[in-house]
Each structure stands twice: as C-alpha cells, then as structure tokens.
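# Need a 3D model of the sequence below.
(chains A, B and C)
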Amino acid sequence: MPSNDNGNVSIIKGQEGVATISFFHPAQNSLPSNLLQQLTDQINNAGSDAEVKVIVIKSEGDRTFCAGASFDELLQIKDKDAGTQFFSGFANVINACRKSSRIIIARVQGKAVGGGVGLAAAADYCMATQFASIKLSELAIGIGPFVISPAVIRKVGLPAFSQLTICATDFQTAQWAKDKGLYNEVFEDIARLDASVDELAKKLASYNPDALTSLKQILWEGTDNWDNLLGRRAAISGELVLSEFTQQALQNFLGKK
Amino acid sequence: MPSNDNGNVSIIKGQEGVATISFFHPAQNSLPSNLLQQLTDQINNAGSDAEVKVIVIKSEGDRTFCAGASFDELLQIKDKDAGTQFFSGFANVINACRKSSRIIIARVQGKAVGGGVGLAAAADYCMATQFASIKLSELAIGIGPFVISPAVIRKVGLPAFSQLTICATDFQTAQWAKDKGLYNEVFEDIARLDASVDELAKKLASYNPDALTSLKQILWEGTDNWDNLLGRRAAISGELVLSEFTQQALQNFLGKK
Amino acid sequence: MPSNDNGNVSIIKGQEGVATISFFHPAQNSLPSNLLQQLTDQINNAGSDAEVKVIVIKSEGDRTFCAGASFDELLQIKDKDAGTQFFSGFANVINACRKSSRIIIARVQGKAVGGGVGLAAAADYCMATQFASIKLSELAIGIGPFVISPAVIRKVGLPAFSQLTICATDFQTAQWAKDKGLYNEVFEDIARLDASVDELAKKLASYNPDALTSLKQILWEGTDNWDNLLGRRAAISGELVLSEFTQQALQNFLGKK
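Below you'll find the model as predicted:
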C-alpha cells in the first residue's frame, strides 16, 4: 500500500453473525484521531446490528498489530484541549468495546504498543501469535498509559501493569502476556491464529444470544464510571504531551526513523 | 450405590475440631435443589458449633467432584420463579461458605463442572488432584455461570473466568486451575490429597480461634452485597433456562447418555 | 555489628535523583516501633525533597531482608492500646509508601517474613534475589497479617495471600513470589540485583517528573481508605497479640533461639 495512505477502518459482516472490524495505518498500524473515531463508529455500528452476534477486531498486515498513538499527530498537539481530545479517541474506543452488547474477540497478529495494548485489553477474549510482544513505552516519551490503564489492569492486574509501565523500553513476550491474562491463547503463526479465531467466533455466534448479552454485562460489571474515568485520564495525558520532555522525545524518535 | 439413589449430604465432626461435609449424587455428584439445601444447612450447622474450628467440603467417590446443576431438575423448570429458586440454591451454598465464621477447605478429587467450580471457589483454600479438570459449560446449554461468577472471578480473575466461560466446551487442567488461583495445591492422587487435607485441617484447627475468625472476615471483606448480587444472578439464569435453546440442548445431552 | 545494636535507618540521596533508604536490625532486620517510625519519617522526607525523583528501599546485610515485627517488642505488649500502636507502625510505613508522590523500588536481597512481605508489597516495583523466599507466619503465633493484607493482596491477589496466610509455617520461593506478582524481577545474586536496581532507578529518575507523579497516583487509585483501614487492622492484631496462644508461641520461639 502507498506510504502516503492515511489508513482506514473496514467492517465485514459474515453470514454466521460474525462482524470483523479491521484497521490499517501505514505507520505500523498506529492510530491517529480519525481512525480512532472510525473504530468507535464501527464497533457501535456492529453492536446495533441484530444480525451481528460476535465482533472480531483485527488489523491489516502480518507485522505490528498496533503501534499505539500516532506520533505524527502527537507532535501537532499545541494545547491541552487538543491533547485531551486526541487521547479521548482511545477512551472512546475502549468505552465502545465496554458498552457493546456483543462479545468482542481481538485478533493480535504481531506487536502491540501503548494504545495498541489498550485495544487488545478492551476485548473480551484475546487471541495472538507468539510474535505479539507488548510494550507500554509512554513513560519514555514523557506521558503515561493513563487512558488505557483501567482496561489493562482489569486484564493483567496491577503488578504486571506496573512492570509494563515502569520498564517503558522493554518488550514483554506474548507468552508473558498470556501468563498475565492479556492474551487468552497464543498461536504459533497467523494461519493457526486465524483458524482458531474463526472457529471460536462462529461457535459463540451459534449460542443463545440472550446468554451472550448477559455474559457481556457481567464481564463489565462495576465499570460504569469509565466514561468519566477515561475522560479524566485523557486530560492528564493531554497535558503531559505538551511537555518539553515529550516534544523532544518525539522529535528524537521521528528523526531516527 | 443404587442408581435410583437421590443423593445425600453427610457431616462428620472429628475430635480435633475438623468438620467434614460430604455430598453424593449418583449422576456424577450433580446437585439438585434438595442437596443444595442440605449443603447450605450443614455449612451453617458446622459454623455454629463451637467445637468446630475448620470445615472441609468434599464429595463421595473417586471420580467427578461435582458435575454442577442437575440436568434432570433443569429440564423440569417451567417458569421463571422456579428457575430463580433453583439457581438460588447455588447462591445459598456460596453465601453460606462466605458468611461462615470458619475457614473452609475444599477437597476436589476429580472434575468440577459449572456450579461445581463455584463450590470449589467458595472455599477459602482448595486442594485437588491432578485429575480435577474444570469446565464452565453453561454457555453451551444457553445459560451462563452468572451465580458463581463472583466467587470464581474472586479466585481466578476476570481473564481466566472469561476463558472458562467463552470456551464452554473445553476442560482446563488442574494445573491451569492452580496457576490461575482456583486450586492452592494439586496432588498426584487421592491418597496424597487426603493426607494433606487432613494435616492442614488439623493444623489450622490448632491455631488461635480468634485469629482464624478475623482471618475469615478479612478474606471476604467487600462481599457484603453478595446476598443481593447472587440473588439477582439467579434470576438471570432462571429466565435463560426457559429458552428454547436451553431446553433443546438439555434434551440432546440427556438423550445422548 | 554488635548484637546489642538497636538498629537504624539511613538515607542517601544520590546526584541522579535517587534516594536510597536502608534499615538494619541485628535480629534479622526485624522491625521494632522505633525503626518503623524512622522508616516512615525517611520515606516522607525523601518524598518532600524536590531533588529526589525515585526512592529505593533496602535493608543491610546479605541475608534476611526483613523478619517482620520484632518478637522482643511483641512480648512486651501488655494492653490493647500498646498493641494497636505497635502494629500501627507497619500501617504508617505502608501508608507513607502509598502516599509518597515518588515511585518506590524495593530491593529484597533475602527472606521476607510477615511485615517484611508487607514492606516489599508497599513498593511500586520490587526486585529480589532467588534467595528471597517469603512467609506469612502470623497465624502460627496466634495473630494474622491483617495490617499488611491490603498491600499484599493488591500485589499477589486473594488466593496467593490466602495460601501464604493459611500455610503459616511454609516458605514460598522467590520464583513463586514473582509468578504471583509480588516481585517483578528475580536475580541470581545480590550483585546482579544491585546493578539492575541502580540502572532502573536512574532511568526512572531521568523521565518526566510530572508523568511519574501522575503514574504514582493512578497506581494507588482507590486506596484512599487505607489510612482508616490499616488503622482498624492494627487494632485487630493489637488485641490478638495479647492472647495466651500468642504469648506462649512467642516465648517458645524466643526460648528456642
């Protein structure tokens, strides 16, 4: 695909009741505001379609699942409101997953970084390949994984989240992510991953829809405050991103490429 | 034992302060309402006996620990009130364990399914054999593990609970259950299990009773809402069990036997 | 050092923004009231020093990290108020760690018992050697790990805490403590531990201080009630310690030495 591509989000609704939402961005599937908005819209779209029983979220390509926030867009943020608005994009995706009445499976073919880890954590079930290492690099660029932390802690617990955050330059393996609870299953390669995602999604779609809806509700019980919570978190990140530390770190990073 | 046996619950109170509550049902130690009520009564009985310092819960036989809800009885449920009442039987057992002032050890010799997993999770300490695989098959029969989920999530966390529920036709090994926190110890065979249960129960019974009572309280701190919560959950399952999906699944299952 | 040494707490503030707080007591780094108070003071001191970016907590010697409460002092407790006051010393240290605006790394070179486990758990990141086994022996002396339980459960979860408490005479390995989340990293020996603590502390100290402050806040979100909670817990232990069971157990233990 052309490198000047701005990315896209697509949805395919299969006959067996499985909707597959896929996102793409040429910079390692990083997410600028417009893709975050499209992801939110498609999750809502699928959840309100009576024909859709189960949602699969995936990304394009056979490399990085998601590199997190778009660094290009982070560098363009010039005031706190713009920063808050940008990070609210991740909050909106997570809250859309949370409030969807459908069970959501994340299909993670490769590395997940920052907000990409948050996206994987927002799914109800997460299947990955052995290449799907994870990293929360936010601290290294002067911000923090504050918007995604409730979703990530909900899956991996506080100690593993602390480790990911504090060791901001280290990748943890897919096996580690499975041991900690982020991934439910890890596969040898993409072909095996896809076969298993397909099989599970269709099986789930064949179950009693009312039971699935009740299951979704109890899985997210106690998170009603996340609309506000993630919004407040977006404001924290939106202010930190303006720091000299962050601007310098981002320019260093983009200059190195 | 005769196959027309309706099962039973017994209690033995040993001299060292250990009460052992044992249940039996010919259909793989599955639990109809009357056994759930007897279990609740015996847990309450043991907890109000000053001579009893520690409670052990076990089942008869050397195969399945507990197959969960009695399918025969599920098929006889014809309205929502009856359904709610049936599932409240599990809520009552879990709440009896929770509110008992005594530390409860579960002794799990073999497979635990559905409500059987909930029973193991409601104990304060759980010892099992390597054969004690677990499965939450509720979704496959159109219902869900809603009454037991607070107890199971409290032990294994949300991701493991999600996996058990979503992969409703898969057994997870006893080792997996130990890694996730449901089982505290896993033994090679029943003889070793029994020796260790006996040793631990007697040791606990020898400790300062006031310290044990305080320990029990702090282990269950924050669960005061479970009387209401599990009751509401029973109502969800009690309605789902009336679905065409469930009735068909149960008949298919019982027909296959 | 002389065996009649009453122990001490020291602090060193390095140029790179790392403050290292170290405690010592001749009885296996056990903690009497005066050391608990000094630890609390030094944690507060470091947290209010603008030059300090990161705090490391360690103990002296190459054997036991911390043996928990001072048995000598426990034996001198003659009424409930004195008992509550003693255990409040641990509550104060944990709350000082919790409320510090600085990220705290614990450096655990050897065994941690009772309150020593609580101290390790109160840090934000915990690095240990393979020799750093852990034990909660409180029940065996007629009390319980009630003051430290919120901190320990926050890290290792309820089942692992239950196991530590209920199996009061068993050490669990450093690897177990890592698997459960108490330790983030386990090293072969003290030299490797120290090199890694040093490297991580300096790296953290180089990050955006505002991001570190926000991180600290979200890591402890939801624990505002611990001032009261740990105080109430101290009162429980402060009463249990007066029991005949405890006094006998402590005298047996000290007599054996």
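# Whichever residue of the stretch 151-257 of chain A sits closest to chain C: neighbouring residues, count only.
Relative to chain C, the nearest point of the stretch 151-257 of chain A is A:Pro159 (3.5 Å; Cβ to the nearest Cβ). No exception for glycine: its C-beta is placed from N, CA and C like everyone else's. By other Cβ atoms under 10 Å in any protein chain shown, 24 other residues sit near A:Pro159.
# In three-state terms, label it for me.
Under DSSP: H, G, I helix; E, B strand; the rest coil, the three-state class of A:Pro159 is helix.
# Looking at the residue nearest to it when sequence neighbours are not counted now. What's its pLDDT?
Once flanking residues are discounted, A:Pro159 sits nearest to C:Gly181: 3.5 Å by Cβ to Cβ, 6 or more residues apart in numbering or on different chains. On pLDDT, C:Gly181 comes in at 98.
# List the residues that contact C:Gly181.
Counting by Cβ atoms under 8 Å, 6 or more residues apart in numbering or on different chains, C:Gly181 touches A:157-160, C:155-157, C:160.
# how about the closest residue to A:Ile141 other than its chain neighbours, what does it touch?
Of all residues beyond its chain neighbours, the one nearest A:Ile141 is A:Ala249 (4.2 Å), with distances taken as Cβ to Cβ, 6+ apart. Neighbouring residues of A:Ala249 by Cβ under 8 Å, 6+ apart: A:140-142.
# what do you get for A:Gly68?
So A:Gly68 contacts A:30-31, A:113-117, A:137 (Cβ under 8 Å, 6+ apart).
# Can you tell me how far A:Asp5 is from A:Gly116?
18 Å (Cβ to Cβ, to the nearest Å).
# More neighbours: which of these two?
A:Gly116 (30 against 11).
# contacting residues around the nearest residue to that one once chain neighbours are set aside?
Excluding the flanking residues, the one nearest A:Gly116 by Cβ to Cβ, 6+ apart is A:Cys66, at 2.9 Å. Contact analysis of A:Cys66 by Cβ under 8 Å, 6+ apart lists A:23, A:28-31, A:59, A:112-113, A:115-116, A:119-120.
# can you tell me the helix or strand for the closest residue to A:Ser137 other than its chain neighbours?
In this structure, A:Ser137 finds its nearest non-sequential neighbour in A:Ala168, 5.2 Å apart by Cβ to Cβ, 6+ apart. Using DSSP states H and E, A:Ala168 sits in no helix or strand.
# which phi and psi does A:Ala168 have?
Dihedral angles of A:Ala168 (phi, psi; degrees, to the nearest 10) stand at phi -70, psi -10.
# my guess is it contacts A:Ala140, does it?
Yes: at 4.1 Å, A:Ala168 counts as touching A:Ala140 under the criterion of Cβ atoms under 8 Å.
# Give me the common contacts of those two.
C:Tyr207.
# Now the residue nearest to A:Gly116. Its backbone dihedrals?
Note on A:Cys66: backbone dihedrals following degrees, to the nearest 10 are phi -170, psi 130.
# before we move on, what about A:Ile21?
The phi/psi pair for A:Ile21 (degrees, to the nearest 10) is phi -100, psi 130.
# residue contacts, it?
Here A:Ile21 is in contact with A:9-11, A:39, A:42-43, A:46, A:55-58 (Cβ under 8 Å, 6+ apart).
# now, among the contacts of A:Ala249, which is nearest to B:Gln130?
The closest of those to B:Gln130 turns out to be A:Ala140 (Cβ to Cβ; 43.9 Å).
# thinking again about what came up before, mark which of the contacts of A:Ile21 are buried, thanks.
A:9, A:11, A:39, A:42-43, A:46, A:55-58 (16 or more other Cβ atoms under 10 Å in any protein chain shown).
# Sort out for me which of those residues are in helices.
Counting by DSSP state H, the part of the buried ones among the contacts of A:Ile21 found in helices is A:39, A:42-43, A:46.
# Just put the residues you listed in a markdown table and tack on distance to chain C.
Output for those, formatted as a markdown table (distance: Cβ to the nearest Cβ, whole Å):
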| residue | distance to chain C |
| --- | --- |
| A:Leu39 | 24 |
| A:Gln42 | 29 |
| A:Ile43 | 25 |
| A:Ala46 | 31 |
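# Residue numbers of chain A in contact with chain B?
Residues of chain A lying near chain B by Cβ under 8 Å from any Cβ of the partner chain: A:103, A:124-125, A:154-155, A:157, A:181-182, A:184, A:200, A:203-204, A:207-208, A:210-212, A:214-215, A:218-219.
# Show me those residues that map onto helices.
Of the residues of chain A next to chain B, the ones assigned to helices by DSSP H are A:154-155, A:157, A:200, A:203-204, A:210-212, A:214-215, A:218-219.
# Could you identify the pair within the residues you listed that is furthest apart?
A:Gly157 and A:Asp210 (31.0 Å).
# So if I had to pick from those two, which one is more boxed in?
A:Gly157 (21 against 17).
# for A:Ser149, what are its contacts?
A:161, A:165, A:233, C:218.
# Put together a markdown table for the residues you listed, with neighbour count and pLDDT on each row.
Below are the contacts of A:Ser149 laid out as a markdown table (neighbours: other Cβ atoms under 10 Å in any protein chain shown; pLDDT from 0 to 100):
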| residue | neighbour count | pLDDT |
| --- | --- | --- |
| A:Phe161 | 26 | 98 |
| A:Thr165 | 24 | 98 |
| A:Arg233 | 25 | 98 |
| C:Ile218 | 19 | 97 |
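# any weak-confidence spans in chain A?
Residue ranges of chain A with pLDDT under 70: A:1-4, A:256-257.
# Any residues of it in contact with chain C? List them.
With Cβ under 8 Å from any Cβ as the criterion, chain A meets chain C at residues A:138-140, A:142-144, A:146, A:149, A:157-160, A:162-163, A:165-169, A:233, A:236, A:240, A:243, A:245-246.
# Could you tell me which of these are located in helices?
A:149, A:157-160, A:162-163, A:165-166, A:233, A:236, A:240, A:245-246.
# Thank you, goodbye.
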